[in-house]
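J.: Provided below are the primary sequence and the corresponding predicted coordinates.
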Amino acid sequence: FLIQSDEKLDAEALKRAVYNSTCFTVSCGIGDNPMLAKIAAGLRKPNGVASLEGPGSEERLRQMPARVLPGLGRKALKVLKVAAGGGEDTDLNVGDVRRLSIAEMIRAGVREKDARLFFDLSRGFDKREVVDEGGEESTKKKSSVEQSFRRGTILTLQGAKEQTRDVANRLLKLMKEENSRIGAGR
């Protein structure tokens, strides 16, 4: 569950509202864009609140392992490690990716489209549209529903509760569908 807000107190109130309404715990990420909010939410799992916005957030992002960047898989990570002047066993952080130019990434074997994406993401810019993927995974390890909200779209606790109910209902539906598939497969 991803939110963007100026106040960690809002996130704590939302977490309480979710728990009181559904008995589900949630991790909340606060960021200047959906990518940063998602990375922040991952920092305090389970059931925490973290922020990657404002002063110091850029430096915190630079120090994080490069694997936090969405779309940066094992193959691209290996290529970027070499491009950054290290070997495959080298630890690569977001700051290392940030120091690479798009041309350096391409020369190392990263596709141009991906090089441009990693260049932007390593600087905290994510221009991709937020979409609810809702697709099926072949081997699910957990059930998850995410919803990102643009700053200023949830203005009251009542609005947060309504959105929480919608997300909780989507999760319940997903869990029932998964249980039906599991039962049918026996």
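T.: Received the coordinates, thanks. Just so we're clear, the structure is a prediction, and the values are computed from it rather than from any experiment.

J.: hey, let's count contacts and neighbours off CA atoms from now on
T.: Noted.

J.: I'd like to know which elements the helix or strand of the chain with the lowest mean pLDDT is packed against.
T.: Every helix and strand of the chain was ranked by mean pLDDT, DSSP states H and E. The lowest is helix 157-184, at a mean of 74. Helices and strands touching helix 157-184, by 3 or more CA pairs under 8 Å, 6 or more residues apart in numbering; DSSP states H and E, are helix 8-22.

J.: the helix it packs on - what's its average pLDDT?
T.: In this model, helix 8-22 carries a mean pLDDT of 81.

J.: for it, output the C-alpha coordinates as CSV.
T.: Provided in CSV are the C-alpha atoms of helix 8-22 (Å, rounded to 0.1, in the frame of the first residue of the first chain):
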residue,chain,number,x,y,z
LYS,A,8,4.2,10.6,8.7
LEU,A,9,1.3,11.1,11.2
ASP,A,10,-1.1,10.7,8.2
ALA,A,11,0.6,7.3,7.4
GLU,A,12,0.3,6.2,11.0
ALA,A,13,-3.4,7.1,11.1
LEU,A,14,-3.9,5.3,7.8
LYS,A,15,-2.2,2.2,9.2
ARG,A,16,-4.4,2.2,12.3
ALA,A,17,-7.5,2.7,10.1
VAL,A,18,-6.5,-0.2,7.9
TYR,A,19,-5.9,-2.4,10.9
ASN,A,20,-9.1,-1.4,12.7
SER,A,21,-11.2,-2.0,9.6
THR,A,22,-9.6,-5.2,8.3
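
J.: after that helix, next one along is what?
T.: Sequence order places strand 28-31 as the next helix or strand after helix 8-22, per DSSP states H and E.

J.: tell me the secondary structure for the residue nearest to the spatial centre of the chain?
T.: With the centre of the chain defined as its mean C-alpha position, the nearest residue by CA atoms, centre = their mean is residue 38, 2.6 Å away. With DSSP: H, G, I helix; E, B strand; the rest coil as the basis, residue 38 sits in helix.

J.: hmm, it is touching residue 44, no?
T.: No - the pair residue 38 / residue 44 is not scored as a contact, 10.7 Å apart, by CA atoms under 8 Å.

J.: where does the prediction get shaky in the protein?
T.: 1-7, 129-145, 151, 179, 181-186 (pLDDT under 70).

J.: repeat that for 50
T.: For the chain, the stretches flagged by pLDDT under 50 are 1, 3-5, 136-141, 186.

J.: now residue 84: how far from residue 66?
T.: Noted for residue 84: a distance of 12 Å to residue 66, by CA to CA, to the nearest Å.

J.: over to residue 119?
T.: 12 Å.
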